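1. with the sequence up front, the predicted model follows.
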Amino acid sequence: MAPGGRRGDHHRWVLHRRGTRSACPIPPQGPRTARLRRDLGRRHDAALRPARERLSVGLVPADPRLFRLAAPDEDRPRLLGSHAEASGLYFWPRRRRCPVSGATVADCDLSPKGVLYAWTFLHVPRMGSISFDDTGGYGVGQIDLPEGVRIQAPLVGTPDDWQIGTTMALTTFPVGEDDEGNEIVTFRFEAVH
């Protein structure tokens, strides 16, 4: 609102279906906002393409800041975290400074296996999907890694596969394809028996 509680030129009135109206800010105009609108229209994966690691042929991480694909000598992908030497704490996702000590942190790979702390099953289609898969929903769990980090992530399988205390391992699953035909993958955890 403008000084004095009056709506100024920087607002416009929007009429709602209920017949009520409210003030909405008018988006700023100019070269920077035009560039922002143009960039927001681009695909997310196109903006991240230069930073991508292509360790596996044809696979691309959906967000290379959160995890990396398995190296040739590894059997599982790795979450990318941070370690604060001063406090001895690990963090995920990566941080620039330790929130406890304020010291700088070093980037590190986190363990690909952990223990299931809690889980739930959502009876809704997976985010980004308009239909159910064969399970009628999907699971989400909290996994405690050996470094002391608790990760919340999707789970592979059905509720019968998960018990609190079960060993879980990091894996990937496809979520789409980029402009070059590479499969975009993200991470989730699966029970290891």
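-> Good, I have the coordinates.

2. show me the chain divided up by domain.
-> 3-41, 46-191 (automatic domain parsing).

3. quick one: low-confidence ranges for the chain?
-> For the chain, the stretches with pLDDT under 70 are 1-57, 125-135.

4. what ranges do the strands span in this protein?
-> For the chain, strands defined by DSSP state E occupy the ranges 11-15, 21-25, 59-61, 67-68, 78-84, 89-91, 106-109, 113-122, 138-144, 150-155, 167-177, 183-191.

5. quick one: which of the ones you listed is nearest residue 97?
-> Shortest separation from residue 97 across those is recorded for strand 78-84, at 8.0 Å, computed as C-beta to C-beta. Using the backbone N, CA and C atoms, a C-beta is placed for each residue, glycine as well.

6. and that closest one, what does it pack onto?
-> strand 67-68, strand 89-91, strand 106-109 (3 or more C-beta pairs under 8 Å, 6 or more residues apart in numbering; DSSP states H and E).

7. can you list the buried residues in the last one?
-> Right, strand 106-109. Judged by neighbour count using 16 or more other C-beta atoms under 10 Å, the buried positions of strand 106-109 are residue 108.

8. pairing partners for that strand, with directions?
-> strand 78-84 (antiparallel) (DSSP bridges).

9. list the contacts of the strand it pairs with.
-> Here strand 78-84 makes contact (C-beta atoms under 8 Å, 6 or more residues apart in numbering) with 65-68, 70, 89-95, 98, 100-101, 103-110, 112, 145, 147, 149, 151, 170, 187.

10. next, the angle strand 138-144 makes with that strand.
-> 30 degrees (axes from the mean of the first three to the mean of the last three C-alpha atoms, to 10 degrees).

11. so which of the strands of the chain is nearest residue 161?
-> strand 183-191 (5.0 Å).

12. if you count contacts, what does the closest one end up packed against?
-> strand 59-61, strand 113-122, strand 150-155, strand 167-177.

13. give me whichever of those is most buried.
-> strand 59-61 (a mean of 21; mean count of other C-beta atoms under 10 Å).
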